[in-house]
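J.: only the shape, not the letters, is given here:
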């Protein structure tokens, strides 16, 4: 499971010209579900998103979490995060979970965020969406739930 997390001042998602969800201060999450993901991946990343200290405190240091500031979440499913572009010029989507199971896991992820006390809004699973946001900072992080997906450090010659 992979997430691109952006700290935002505001974000919204439109489908066919109609706004489906909109948030103010918080995070916009682009969520990719990969083959082999399960409840443990969902729980790990939901907790990480909820508790990650990426908002400024009174000294302007990143020391506060979404929970601390009462921030909102806009979660958007994005299967292209599971793509590989290592070979050739066309992305391979072999690593993406099949749509039915991906939708189920995405739903569980949203439920877990809500269980942690966050206000969550979502895009429309599987739809073509226009996502717009004002990135606050800019502050952007990539979160992954599988150790094997993280690149090993390389020695520089």
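T.: That came in fine, so what should we check first? This is a predicted model, so every value here is computed, not measured.
J.: does residue 146 really touch residue 38, like I thought?
T.: No. With contact defined as Cβ atoms under 8 Å, residue 146 does not count as touching residue 38 (10.5 Å). (Glycine included, C-beta is placed from N, CA and C.)
J.: residues contacting the most centrally placed residue in the chain?
T.: Centre of the chain computed as the mean C-alpha position; nearest residue by Cα atoms, centre = their mean is residue 29, 3.0 Å away. Counting by Cβ atoms under 8 Å, 6 or more residues apart in numbering, residue 29 touches 3, 4, 5, 6, 49, 73, 74, 75, 76.
J.: for residue 136, state which of those residues is nearest.
T.: residue 6 (8.1 Å; Cβ to Cβ).
J.: beta-bridge partners for the closest one, please?
T.: residue 28, residue 140 (DSSP bridges).
J.: equivalent analysis for residue 131, please.
T.: Going by DSSP bridges, residue 131 forms beta bridges with residue 13.
J.: residues near it, how many?
T.: If you count neighbours by other Cβ atoms under 10 Å, residue 131 ends up with 16.
J.: correct me, but it touches residue 31?
T.: No. Residue 131 is beyond contact range of residue 31, at 11.9 Å (criterion: Cβ under 8 Å).
J.: now do the strands in the protein.
T.: Counting by DSSP state E, the chain has these strands, from start to end: 2-15, 18-23, 26-32, 55-56, 62-64, 72-77, 119-122, 130-144.
J.: for the last one, which outside residues touch it?
T.: Okay, so that is strand 130-144. With Cβ under 8 Å, 6+ apart, strand 130-144 has contacts from 1-15, 25, 28, 30, 45, 48-49, 52, 54, 62, 74, 76, 123, 150.
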